[in-house]
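Novice: need a structure here:
(one chain, ligands or ions: 1)
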Amino acid sequence: MDRAHCVIIGNGPAANSAAFTLRDNDPDLRITVIGEERDHEYRPDLLPDYIAGKATEEDLFIGKSESYKGHDIKLRLGQRVVHADFQQRELLLEHNEVVRFTGLIIACGAKPRIPEPLAVFEDLMLTLKTPADARLWIERLARVDTILIVGGDLTSLSLTKALLHLGKRVVFMLDCGSFWPVPFSPELREQVARKLTEHGVEVTECTKIRRISRISDHSFEVATDRRTMVVGILGAFFGLVPNVKFLAGSGLDIERGILVDEYLKTSRENVYAAGDCAQVYHPEIRDYWVSIGYTNAVELGKAAALNLLGDMVAVNVKRESILEVDGINVNSSWWMEF
Ligand SMILES: Cc1cc2nc3c(=O)[nH]c(=O)nc-3n(C[C@H](O)[C@H](O)[C@H](O)COP(=O)(O)OP(=O)(O)OC[C@H]3O[C@@H](n4cnc5c(N)ncnc54)[C@H](O)[C@@H]3O)c2cc1C
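Specialist: Predicted coordinates for the structure are as follows:
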């Protein structure tokens, strides 16, 4: 009989934790990690410091690739899963290769959200999720002085710290729909606006962006309902949404993320989901919650791996630590001071 083959989609903290947990507990299992990005695993929390010049590439990359080899885990980078067939137990990769699995852990994380009214300007805006995004920020920042940030999630605050460290002028259009993963309140908006102002950021009213025109390679004119300004970079920060589009039509139960029970099991046999892409059932609140943050991802990855191997590790999140944000239950292990 063929050797059991567990495939993990993703190469972030949830995926890494799952891969090493599988290996630690089953020396014979064939394990493959498939990650869309070309970069090895990195610390997303250090991306703003990397932009600020306070962290190096060496700090950013965790160096697990050697460790993967040493643990007989096959790592496939720069390969995107575009379809999953749970009946045949097959994944289709973008370059048309089919990968078969006996067990699957989906740890495909989340990507920056651009709200519908701004989607038309998407190509003109920078976000920050990957080292490739960070490199683009560094390249553009070398030539510009003023940055307009629209939104206001935790990533934007980390990035603003970096921009101020670099001596840049930051104009912040603080949007009330964007405090993800913190629930919005007018008090919170005031508090954040005050802190930003204290740090030298120009906080501007949240109004509709009417037009963005490229003036040169390094400047844009942005016209809102109230004013027109010339900026070098436009950054959009409205939180993250699970990367689950490629699973639509696969038969997996998906709401905002992939629906799993408290053991991280999906509606399909031997298929688990962990990290930012999962929406986990909480028996006490009788509803699902979304996970945010590095520590959460590592813990969920570990639990999913153990359960795939036959354990029954329930994910235990205290009811009080689940917050309702924009109608979504969220548990975040990521908080920061500005
Ligand atoms: C700039 C920034 C700063 C942050 N700072 C902090 C912090 O200070 N503290 C904290 O706790 N959290 C922080 N976070 C959040 C934290 O990084 C995430 O919660 C965590 O990375 C989630 O881990 P994950 O493994 O679920 O997903 P991700 O880290 O998003 O990894 C998903 C992986 O799946 C891959 N993938 C996606 N789709 C496919 C596909 N179709 N095929 C193949 N591969 C695919 C991606 O390439 C990636 O490798 C930060 C996030 C950002 C963006």
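
Novice: interface residues of the stretch 1-150 of the chain facing the ligand?
Specialist: Residues of the stretch 1-150 of the chain that fall close to the ligand, judged by Cβ under 6 Å from any ligand atom: 9-15, 34-37, 44-45, 47, 80-81, 107-110, 128-129. C-beta coordinates here come from the backbone N, C-alpha and C atoms, glycine included.

Novice: Cross those residues against strands and list the overlap.
Specialist: The members of those that map onto strands under DSSP state E are I9, I34, G35, V81, A110.

Novice: ok, the third one to P242 distance?
Specialist: Distance check for G35 against P242: by Cβ to Cβ, to the nearest Å, it reads 16 Å.

Novice: And for the second one?
Specialist: Distance of I34 to P242, computed by Cβ to Cβ: 17 Å.

Novice: Would you mind telling me which of these two has more residues around it?
Specialist: Taking other Cβ atoms under 10 Å, I34 and P242 do not tie; P242 has more neighbours (25 against 22).

Novice: and stretch 251-261, how far apart are its ends?
Specialist: 16 Å (Cα to Cα, to the nearest Å).

Novice: One more: stretch 199-211?
Specialist: Distance across stretch 199-211, first residue to last, is 29 Å (Cα to Cα).

Novice: With stretch 53-68 instead?
Specialist: Span of stretch 53-68 from end to end, Cα to Cα: 29 Å.

Novice: Buried residues in that stretch, which are they?
Specialist: In terms of neighbour count (16 or more other Cβ atoms under 10 Å), stretch 53-68 has its buried residues at A55, L60, F61, K64, S67, Y68.

Novice: Packing partners of the helix or strand bottoming out on mean pLDDT in the chain?
Specialist: Of all helical and strand segments in the chain, the minimum by mean pLDDT, DSSP states H and E falls on helix 64-70, at a mean of 80. Judged by 3 or more Cβ pairs under 8 Å, 6 or more residues apart in numbering; DSSP states H and E, helix 64-70 is in contact with helix 13-25, strand 73-77.

Novice: Swap in 10 Å and give it another go.
Specialist: helix 13-25, strand 30-35, strand 73-77 (3 or more Cβ pairs under 10 Å, 6 or more residues apart in numbering; DSSP states H and E).

Novice: That concludes my questions; thank you for your assistance.
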